[in-house]
Every structure is written in C-alpha cells, then in structure tokens.
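Trainee: Fold the following for me, if possible:
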Amino acid sequence: MSNSGLRLIGVVGVALLVAPLRLPAQQLARAAQAAPLHAAIVTAANPLAVDAGIEILRQGGSAADAAVAIQAMLGLVEPQSSGVGGGGFMLYYEANTAAVAAVDGREKAPAGATPDMFLDAQGRPLPYLQAVRTGRSTGVPGAMAALYTAHARFGVRPWRELFRPAIRAATDGFTVSARLAGYLSPDLAFAPTSDIRALFARPDGQPLRAGDRFRNPKYAATLRRLAAEGPRALYTGSIAAAIVQRTHAQPLPGTMTLADLSSYRAEWEPPLCRPYREYSVCVPPPPSSGVSLLQLLSILDHTDIAERGPADPQAWFLFAQASRLMYADRDRYVADPAFIGVPVERLLDPTYLAERARLIGERAGPAPPPGIFAAVARAPDATREAAGTSHFVVMDSAGNVATMTTTVESVFGSGRTVEGFVLNNQLTDFSYLPTDEHGAVANAVQGGKRPRSSMAPVIVVDHAGHFVAALGSPGGSSILEYNGKAVVGILAWGLSMPAAIELPNLIAHGNDFVGELGRFPPELLAGLRERGIDLTSGHAEGSGLHGISRKPDGSYEGGADSRREGVVRMLPAVPPGGGKVPLAAPKSSAPFHLDH
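Mentor: Coordinates of the predicted model:
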C-alpha cells in the first residue's frame, strides 16, 4: 500500500467501516473532558516482559514504545514462542483520534520458494516435523520491522532506549522459568535440536532447568545492534548473512537471499471492523484470519447465545457449531490477498452470514462445507498450524493501546539459531499441497507470499469510538476460538476480562471436538453429548490469552491466562502536574523499509 493509502480507521458505532473516519471535534472534546485518568497497564506471557514494558511506561513511553521492550524481552525469556527472528500482527488504538491501525509484520516466503518445496520425491507432503526442521521452513522475519513501523508513528522515547531492559537481562542473566525449561526437555515429541541444545544449555552442556540463571551474550549483542542501527541491523550486514547461511544448511536447504531480507517491508493496513452487539470489533485483514473471527461473532449474533450465558450447554453448542462454519470458510478462502483474491466482503456479507447461521440446527452433524461464491473456485486446504506463539497488550497513560500477537511458529521455530535468537518455521503455515482435483489451494506456497495466519489481535470500541477492550492469544488455528470465547464472554455475557479469559476452551474444527474436560462441569458436558458433541481432551489447553478492558466505572483492568506464566501489572494514573513525562505527538506514518 502506498504511503498515501489508508493508515488508520476511526471507529464510530457499529457501521461497516471501509474508509477512514474521525469523530467530530466537539464529540472528541466532550469525550476527552469526561475521560478518567488512565492507569498504564501491561499484560504478557512472562513477568520479565511485563516488567520491561512497565519500565518504559514509567519513563513516559507510549504503548508503541513499551511494545518494543516487551518483544525484545520475550525473545530472551520465552524464545520458544516469539522473537526477533519471527513475525506478527499488531493493532494500535490511538486515543486522541479514536482510531485503530493495523501493522502487518507477517513473514514472507523468499522469492525462490516453490509450490512443491514441502513435497517428497513422490509428490507426497513431508511429515510435519521433518518440514519444520529444514532450511525451507524459515520466512523473512517481520516482527522487528512491524515494531519499528509502529514506533515511527506512535513512539515517544528514542528507539535505542527501548532495548535496555532486555540487554540488561541478557547480559546479567535471568531465572529460567518452568515453562522454558519444560520445552528444553529431550523427552518431548518436539525434542530440541542441536542448535537449541547448544544455545540454551548449562555450562556443563546439560539442558537448562527451572531456577537456573541463564545469560545470552549473543542475543545481547544482537539487541545492541538493533538499538543502534534499527531493523537494518537484522535485514542487512552480518546478521542477515548469518540468517541466509543457516537457512541454506542441510537438510532441505532454503532459498533465502540477502535481497529477500533487505527488501522486506512491514506495512500499515486498514483493519477490518464489524459490528458485534452494540460494539465494533476490529482485527487485521488477510493474511490474518481475523476475517474469520468476525464471521464467528456475526453468526453468533444471529443466535440467542447472549441470553443463555456460560453455564448453559446450548450456548457452547452454538459456539461450537458457529466455529465449524467459520473454519470451513477460513480453510478454503483466506490467504495472502496480494497473490490471490480473498472474498472478504462476501465472507462478511450480513445476508450470507444469516444463511450460515441457519445451518446450525439442533444437533451436531458432519463437518459443514464452506460457502460457495460465484467465480471464486478454491481447493480444500489441510494446512497444519503449530500451537506456539505469544501475545501481549499494553495501555499507556494517554489511553493508547497496542495489542500484538507474535510468533516463531512452532516450539523454537525451525530449531535453527543465529546470533542468540531462534529462526521461525513460518512457511510451514502454507499448504504443502498446492493443488488437488478441485483446483488451486489459496494458501499454496509462492515466492514473496505471506502464509495464512490465525493470529488475530482484537480491539473493541463502543458507539462513540471509545476503547472497550483489546485481547489476543497464541494457539495455532485455535486462536480464533480462544479470542472468540473471550469476546463473547466480555460483550455478550458481561464478564470481566479475567473471567472471560478463564472460561473453558472448546475447539470445534471440522469433525473434531476438543475441550478442557476438567474445566467444564459434568452436566454441561452431558448437555453437549445430548447435542451430538462429545468433547475429548487435547490441544484446547494451549491458550495464552492476555487482554485489557474498560470496566463499567470507567477504570481499566487486565487479564492474563492462568494456563501460562503471564501476569498483569499497572502504574497508577498520575494527575496533571504529577511528574509524568508527557507523551509527544505522533511521528512519521511511513512503513519500515531500508530507506528509513
């Protein structure tokens, strides 16, 4: 998108928003006069990452500033999930304009990537783990470019200062958490590779254990270069050369070049915003699957789920059936719109969604087929997505909010490391089979293409454009139901953010029904069985929801999923003249590229 294109979408009411809007000046003034003082809040998957964000906010930093510090720390203390070698999507709420912006930092396939690169000599898809642990699985990383792009527009503190907490922790060491130590166990199905074992090891070469103190001087050096040079430190020079060299190693070397890295751009995109109840829910556009989350909510809006509440098995039956309809369309149509048409407006058409809602019925039957759109022929897609990833949300003292889902894809990505950080395996999010008897698969591999993603950070605003909630989760394709559950909990059932996050997880995809059996009451499980849904245990436990929401009294609260190690911390609101460093005006609106 050109620099003159859409950058922000102002959100007013529940209109279907397809162009930039702004609240009238008088209404903005009234809202500003009535707005309470904001506490600054951070919620993320590791306490040290939360502390890093709080440190920047305490210095007067914006939400965009704190996001950089949080991601830099997550790459150190939660490297199995995200880092500078990965990518992500961010939504940003700008309080003084009541506008929502989306930054696309999704990884891209190298120009030399081919549709058959995950097929064996007989044309059959490679086993998943074999495909992950190759040089072909790594896409051009985008997380740091996305953060730089957000900082260029909304940052207040100098870029170089934002890495200090992570550099300090990488240099001095930090206490290894139980979660990180668990993923380093040689007994896992995804046993650590030699690269991972070498980097995350005790001095005697044994795997790190919970409670150990770990230092990562190579990562500290990488962060110092990023702080001094900006993202060009990652996309050019010796770090870029190391990425290329490592991805060209056996087995199944990739095709990434220095040109692929230096040409990467993170772009502002207009978010997709649609009504749910009396609110507007905003998500990133494709290749994010946010469009599918909006479908889920719209289908549920044609049911009585809001009147039933979380204790009613019929409510969860409706949620499951709507989810199956959502995934049927998502798996068929969502992909990178720069390479293949994605029928977004048709997928979100109210008449179409009302028709889909009428398919729910009284009992769960076979997996529903996708909708059919004239002149849009797509083959089925069986892409497998890993349940890795991380999510964080931050609100600054001015009420600006950043919500970002960030990932290296699988546990420790491709299992390959350079300069103290992990390389992603994001390209295994493509369909391994590019075609079948029905035709072309929308999410097939192509050079320069971004793989479809389930990452779908959410921002909710009210009829006046005021911030209501922001949330997101890791979890592979289950992200959509984790996020959907939380949005329904907050907006339909009136739950607090922590309570909505702690609702049981239920994943209904095709003919599979997975749930947290220990969190659902026996009578609710029985009610689901009566409706044809027999939940089994499995990957539903993999959520990591984090969110911030406005309470009825106008104050704010955060939530962190107890299924992971995350926490919520806040700085109290500071009255005028109370010593807070003032937030500066936004800066450049240009996306990241190497001319900056």
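Trainee: Give me the residue ranges of the chain where confidence is low.
Mentor: Scanning the chain for pLDDT under 70 picks out 1-37, 374-377, 379-380, 382-388, 539-541, 574-596.
Trainee: Next, name the residue at the spatial heart of it.
Mentor: Compute the mean C-alpha point of the chain, and by CA atoms, centre = their mean the closest residue is Thr405, 2.3 Å away.
Trainee: List the beta-bridge partners for it.
Mentor: Counting by DSSP bridges, Thr405 forms beta bridges with Phe89, His391.
Trainee: what's the spacing between it and Ile372?
Mentor: 31 Å (CB to CB, to the nearest Å). C-beta here means a position set from N, CA and C on the backbone, and glycine is covered the same way.
Trainee: Same question for Ser397.
Mentor: 50 Å.
Trainee: Of the two, which one has the most company?
Mentor: More neighbours surround Ser397 than the other of Ser397 and Ile372, with 25 against 8 (other CB atoms under 10 Å).
Trainee: Phi first, then psi, for the more buried one.
Mentor: phi -70, psi -10 (degrees, to the nearest 10).
Trainee: Where do the strands of the stretch 151-300 of the chain begin and end?
Mentor: Ranges of strands in the stretch 151-300 of the chain, per DSSP state E, counting those that start in this stretch, are 174-175, 213-214, 267-269, 272-276, 279-283.
Trainee: most tightly surrounded among these?
Mentor: Comparing those by mean neighbour count (mean count of other CB atoms under 10 Å), strand 279-283 ranks first with a mean of 26.
Trainee: and that strand, which strands flank it?
Mentor: Here, using DSSP bridges, strand 279-283 pairs with strand 272-276 (antiparallel), strand 458-461 (antiparallel).
Trainee: can you put those strands in a markdown table and add distance to Trp159?
Mentor: Output for the strands paired with strand 279-283, formatted as a markdown table (distance: least, CB to CB, whole Å):
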| stretch | distance to Trp159 |
| --- | --- |
| strand 272-276 | 29 |
| strand 458-461 | 24 |
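Trainee: Which one, of the ones you listed, ends up nearest to Glu530?
Mentor: Nearest to Glu530 among those is strand 272-276 (28.3 Å), distances taken as CB to CB.
Trainee: From Gln426, how far out is Ser137?
Mentor: 7 Å.
Trainee: Residues that sit against both of these two, list them.
Mentor: Common contacts of Ser137 and Gln426 (CB atoms under 8 Å, 6 or more residues apart in numbering): Glu409.
Trainee: who wins for proximity to Ala470 among the strands paired with strand 279-283?
Mentor: Ala470 lies closest to strand 458-461 among the strands paired with strand 279-283, at 4.9 Å (CB to CB).
Trainee: The following helix or strand past that closest one pairs with which strands, and in what direction?
Mentor: Sequence-wise, the next helix or strand downstream of strand 458-461 (DSSP states H and E) is strand 467-472. Sheet partners assigned to strand 467-472 using DSSP bridges are listed as strand 458-461 (antiparallel), strand 546-550 (antiparallel).
Trainee: Distance from strand 467-472 to the middle of the chain?
Mentor: The chain centroid and the centroid of strand 467-472 are separated by 13 Å under CA atoms, centre = their mean, to the nearest Å.
Trainee: ok, back up a step: Leu297: which of the strands paired with strand 279-283 is closest?
Mentor: Comparing the strands paired with strand 279-283 under CB to CB, the one sitting nearest is strand 272-276, at 4.3 Å.
Trainee: Let me see the ranges of the helices in the stretch 301-450 of the chain.
Mentor: For the stretch 301-450 of the chain, the helices defined by DSSP state H, counting those that start in this stretch cover 305-308, 313-333, 344-347, 350-357.
Trainee: Touching the first one from outside, list them.
Mentor: Surrounding helix 305-308, the residues in contact under the criterion CB under 8 Å, 6+ apart are Arg277, Gln314, Ala315, Leu318, Phe319, Val488, Ala492, Trp493.
Trainee: What is the nearest of the residues you listed to Ala364?
Mentor: Leu318 (10.8 Å).
Trainee: show me what contacts the closest one?
Mentor: Here Leu318 is in contact with Leu300, Thr303, Asp304, Ile305, Arg308, Ile360 (CB under 8 Å, 6+ apart).
Trainee: Check Arg550 too.
Mentor: Residues in contact with Arg550 (CB under 8 Å, 6+ apart) are His466, Phe467, Val468, Ala469, Tyr556.
Trainee: same thing but 10 Å
Mentor: For Arg550, the residues meeting the contact criterion (CB atoms under 10 Å, 6 or more residues apart in numbering) are 36, 395, 399, 460-462, 466-469, 490, 497, 556-557.
Trainee: which of these sit farthest apart?
Mentor: For these, and using CB to CB, no pair is farther apart than Pro36 and Ile490, which are 19.1 Å apart.
Trainee: more crowded one of these two?
Mentor: Ile490 (24 against 12).
Trainee: ok, and the closest non-adjacent residue to the more buried one?
Mentor: Spatially, and ignoring its direct neighbours in sequence, Ile490 is nearest to Ala500 (4.8 Å; CB to CB, 6 or more residues apart in numbering).
Trainee: In ChimeraX, how would I select the buried members of the contacts of Leu318?
Mentor: Buried subset of these, written as a ChimeraX selection, criterion 16 or more other CB atoms under 10 Å:
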select :300,303,305,308,360
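Trainee: in the contacts of Leu318, which two residues are the furthest apart from each other?
Mentor: The most widely separated members of those are Arg308 and Ile360, with 13.5 Å between them, by CB to CB.
Trainee: list residues touching both of the two?
Mentor: Taking CB under 10 Å, 6+ apart as the criterion, Arg308 and Ile360 both touch Phe317, Leu318.
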